[in-house]
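Chemist: Fold the following and give me the result.
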Amino acid sequence: MRIDIITIFPEIFSPLNASIIKRAQEKDILEIKIWNLRDFSRSKHKKVDDAPYGGGRGMVLACEPIFLAVEEIKKHNTDSLTILTSPQGEVFNQEMAKKLSEKKGLIIICGHYEGVDERIRSIVDCEISIGDYVLTGGELPAMVIVDCIARLLPGVLPDEAPVYDSFFDCLLDWPCYTRPEVFRGLKVPDVLLSGNHQKIAQWRHKQAVERTRQKRPDLYKKYSKTGGEHAPESSST
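Modeler: Have a look, this model is predicted:
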């Protein structure tokens, strides 16, 4: 998969060169290219924004640089889906990440300032928001989207790992423990020490359901509507 990101702050994206995403790129499973929007400005001072027509506060990202950037990128990957990070977009979730991970390529336009010229939406396939709060720009949402998608690509994680993630089946993750067995009087549940993988799987499922019911009743309601899923018969994780 190839992901192209258009931004006026390319230096922000260093986290995409670390950890799992770095390994995905080293394995040639994922290719990420960061494009500096200012490289597509035809103004003397590489300006990419202007004051809004009709007055008002702030600046607006202009049409031309973004149009030119998208057109250049599509010379290399014509099948890419074009995304605009925007508070007006559909709220990002695990289901959306799964669908996007099946695309051949993505172009992510990072919004900034007071927004983008409305005509930019004519070349966008979808708009995505990562939540109902205000950020200084679309760079962090772009990284969230890339991080979430990357770990779903075949070969990035062990085959079954994403299945056990929170939200995969509308449930939060179960409680996890590691050594020592007892720490400051807090003990690891006996079932996890039993070696009985069937009982461990059942306990984890029960804990995930109860944790979701208590902490995310909205997800629990969605889970209940599907009829819920029975605990797996065994697990070696």
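Chemist: Can you tell me how far Lys225 is from Glu26?
Modeler: Counting by CB to CB, to the nearest Å, the gap from Lys225 to Glu26 is 41 Å. For every residue, glycine as well, the C-beta is placed using N, CA and C.
Chemist: which phi and psi does Leu84 have?
Modeler: As for Leu84, its main-chain torsions (degrees, to the nearest 10) stand at phi -110, psi 120.
Chemist: The one 3 residues further on now?
Modeler: In terms of degrees, to the nearest 10, the main-chain angles of Pro87 are phi -70, psi -10.
Chemist: any idea where the strands of the chain begin and end?
Modeler: Applying DSSP state E to the chain gives strands spanning 2-7, 31-36, 49-50, 60-61, 81-91, 105-109, 126-129, 182-183, 186-187.
Chemist: Reformat those as JSON lines; add mean pLDDT.
Modeler: Output for the strands of the chain, formatted as JSON lines (pLDDT from 0 to 100):
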{"stretch": "strand 2-7", "mean pLDDT": "98"}
{"stretch": "strand 31-36", "mean pLDDT": "98"}
{"stretch": "strand 49-50", "mean pLDDT": "96"}
{"stretch": "strand 60-61", "mean pLDDT": "95"}
{"stretch": "strand 81-91", "mean pLDDT": "95"}
{"stretch": "strand 105-109", "mean pLDDT": "98"}
{"stretch": "strand 126-129", "mean pLDDT": "97"}
{"stretch": "strand 182-183", "mean pLDDT": "96"}
{"stretch": "strand 186-187", "mean pLDDT": "96"}
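Chemist: Show me the shaky parts of this protein.
Modeler: The chain contains residues with pLDDT under 70 at 160-168, 229-237.
Chemist: mind giving me the domain ranges of it?
Modeler: Using automatic domain parsing, the domain parsing of the chain gives 2-150, 161-225.
Chemist: These into a markdown table, with extra columns for mean neighbour count?
Modeler: Converted to a markdown table, the domains of the chain look like this (neighbours: other CB atoms under 10 Å):
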| stretch | mean neighbour count |
| --- | --- |
| domain 2-150 | 17 |
| domain 161-225 | 14 |
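Chemist: closest to Lys22 out of the strands of the chain?
Modeler: strand 31-36 (9.9 Å; CB to CB).
Chemist: Could I get the CA-only coordinates of the top helix by length along the chain as CSV?
Modeler: In the chain, assigned by DSSP state H, the helix with the most residues is helix 197-215. C-alpha atoms of helix 197-215 as CSV (Å, rounded to 0.1, in the frame of the first residue of the first chain):
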residue,chain,number,x,y,z
HIS,A,197,-6.3,-22.1,27.6
GLN,A,198,-10.0,-22.7,27.2
LYS,A,199,-10.7,-21.2,30.7
ILE,A,200,-8.4,-18.4,29.9
ALA,A,201,-10.2,-17.6,26.7
GLN,A,202,-13.5,-17.7,28.4
TRP,A,203,-12.3,-15.4,31.2
ARG,A,204,-10.8,-12.9,28.8
HIS,A,205,-14.0,-12.8,26.8
LYS,A,206,-16.2,-12.3,29.9
GLN,A,207,-13.8,-9.5,31.1
ALA,A,208,-13.9,-7.8,27.7
VAL,A,209,-17.7,-7.8,27.7
GLU,A,210,-18.0,-6.5,31.2
ARG,A,211,-15.4,-3.8,30.7
THR,A,212,-17.2,-2.6,27.6
ARG,A,213,-20.5,-2.6,29.4
GLN,A,214,-19.1,-0.5,32.2
LYS,A,215,-16.8,1.9,30.3
